[in-house]
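Participant: Kindly generate the corresponding structure for this input.
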Amino acid sequence: MRLQVVTAVTALAATSACQSRWSRDVDYKALSKMFSSSVKIYYPGSGNFEGASSRWSNLDISTVNIVVVPSTENDVVETVKFADKKKLPFLAYNSAHGAITTLGKMTRGIEIYMDQLSRVDVTKDGKTVTIAGGTKSKLVTDTLWNAGKQTVAGACECASYLSPGLGGGHGWLQGRHGLIADQFESMNIVVAKGTLATINSSPELWWAAKGPGHNFGIVTSVTSEIFDIEHKDWAIKIITFKGDKVEELYDAANKHLLKNGTQPADVISRSYWFNDPDADASNKASRPSTPPILPPSTPWTPSLSKRREAATPTSPNRKKAYEFFAENIRGSSVFNNWLVTFDGYSMQGVQSIGAKSTAFAFRDQNIPIGPLITYMPGGAELDDKAAKLGKQLRQILDEGSGREHAPAYVNYAFGDEGPK
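Facilitator: Numbering: from 1, shown residues only. Okay, here's the model as predicted:
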């Protein structure tokens, strides 16, 4: 542990020195003159720089040399124009949840931290809401609820509203209304040269923004459809099972609860594989925790729809995947906090929208799957071992699906899947 800390501190010191030298080589005074009065700028070594530039994952992290915290859409415009003029890389941060390994390609440049662009404005007619680009999901749901309204938002309150939405965006209400992106009616977006545009149903960019939308610009605000609250009451039930029930559990769930993706629109079922050593002191294998769901077609996919039997992982296949997972998290394994999530959202609203109407590619599938391997930093060798384990699990599950390629939900992607 002492060696790890010393290594980390040394690396941080070297990075900070590099950041400081690079920052001094660029004249930011010209940029700061273009900003609104409420903009914030953080430099390496300043009190807020680390907090604003840290991500929730330390794997293949981005390296930035200055943080700009815009308070208006024009602040984003001016930052992008400056970066383009100076040929500097730039990257928007929005609640710091991004974990795809390709973010590590950002080795220097400007971070645009969206935290101050937080606003939820319900229109007078109560049909739409305008949400600023950095707004967290909790503020969206709370504000709308207080107004007697709701819309599709992500399941995690600490994530932003837009980050999952630009990838399509699964959410609790999707069985009624579709994905987060399906609610979008217009958006303001800053594209690569620093132009602010308002787009809606006409341009190709509008089609493209709803699915792989993170790739085409920085969305500073979006106007989305909202709905009257129909049901104010809800309930949740959590049941925990030991690993020897994995086959029986999922078979029962398929037959009686989810019925191959046709569960009622208001029923959401999520399943987790995780390690709970207190559940059985003599056997520290993982315990799947349910509400149970359909077995996956393949990890990293956004779902698995009205499936052909050939695309369904066999029971032996599911058992093999679970046993591989359990074997690698037992006892004192550095990976014993590994979590595998299976999100059984209802799909009626998603599948009622034409597949070609947006760039989101997976309306015919049901289960987003996320193998999340959490461990303490231990160097490149340990990172490689973790990645290998994740890929092996993904391969085991995919072998039973009959597919040549594993479709990747962009919000859950690892970074090695390729554009197709």
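
Participant: Retrieve the pLDDT associated with the residue found closest to residue 352 once you drop the neighbours it is linked to in the chain.
Facilitator: Spatial nearest neighbour of residue 352, chain neighbours left out: residue 178 (6.9 Å); criterion: C-beta to C-beta, 6 or more residues apart in numbering. Placement of C-beta: from N, CA and C, glycine included. What the model reports for residue 178 is a pLDDT of 98.

Participant: distance of residue 178 from residue 348?
Facilitator: From residue 178 across to residue 348, the span is 9 Å (C-beta to C-beta, to the nearest Å).

Participant: So which of those two has more stuff around it?
Facilitator: Set side by side, residue 178 and residue 348 show more neighbours around residue 178, with 25 against 17, by other C-beta atoms under 10 Å.

Participant: Low-confidence stretches in this protein?
Facilitator: 1-25, 280-315 (pLDDT under 70).

Participant: Now do the contacts for residue 34.
Facilitator: Residues in contact with residue 34 (C-beta atoms under 8 Å, 6 or more residues apart in numbering) are 78, 82.

Participant: which residues does the closest residue in space to residue 48 that isn't next to it in sequence bridge with?
Facilitator: The shortest distance from residue 48 to any non-neighbouring residue, by C-beta to C-beta, 6+ apart, is to residue 42 (4.8 Å). For residue 42, the beta-bridge partners under DSSP bridges are residue 67.

Participant: cool, and residue 112?
Facilitator: What pairs with residue 112, by the bridge criterion (DSSP bridges), is residue 68, residue 92.

Participant: ok, which stretches of the stretch 101-250 of the chain are strands?
Facilitator: Under the criterion DSSP state E, counting those that start in this stretch, strands of the stretch 101-250 of the chain are mapped to 110-113, 120-122, 128-132, 149-150, 184-190, 196-199, 218-225, 227-228, 239-240.

Participant: I'd guess residue 274 is in a strand, am I close?
Facilitator: Yes. According to DSSP: H, G, I helix; E, B strand; the rest coil, residue 274 belongs to a strand.

Participant: Pretty sure it sits against residue 336.
Facilitator: No. Residue 274 is beyond contact range of residue 336, at 9.3 Å (criterion: C-beta atoms under 8 Å).

Participant: Of all the strands of the stretch 101-250 of the chain, which one comes closest to residue 171?
Facilitator: Residue 171 sits nearest to strand 149-150 of all those, at 10.2 Å, using C-beta to C-beta.

Participant: Sheet partners, orientation included, of the closest one?
Facilitator: strand 227-228 (antiparallel).

Participant: Now do the domain split for this protein, please.
Facilitator: As assigned by automatic domain parsing, the chain contains the domains 2-116, 120-228, 239-412.

Participant: Out of the ones you listed, which one sits most buried?
Facilitator: Of all these, domain 120-228 carries the top mean neighbour count, a mean of 20, counting by mean count of other C-beta atoms under 10 Å.

Participant: Over to it now: how far is its first residue from its last?
Facilitator: Criterion C-alpha to C-alpha, to the nearest Å; first-to-last residue distance in domain 120-228 is 16 Å.

Participant: Roughly how far does the residue nearest to residue 352 sit from residue 155?
Facilitator: 15 Å.

Participant: Check residue 256 too.
Facilitator: Counting by C-beta to C-beta, the gap from residue 256 to residue 155 is 24 Å.

Participant: coming back round to it: you'd agree the residue nearest to residue 48 is up against residue 67?
Facilitator: Yes. Taking contacts as C-beta under 8 Å, residue 42 lies within contact range of residue 67: 4.0 Å.

Participant: what touches both of the two?
Facilitator: Residues touching both residue 42 and residue 67 (C-beta under 8 Å, 6+ apart): 48-49, 52-53.

Participant: if we can go back for a sec, which ones are touching the residue nearest to residue 352?
Facilitator: Here residue 178 is in contact with 152, 349-350, 352-353 (C-beta under 8 Å, 6+ apart).
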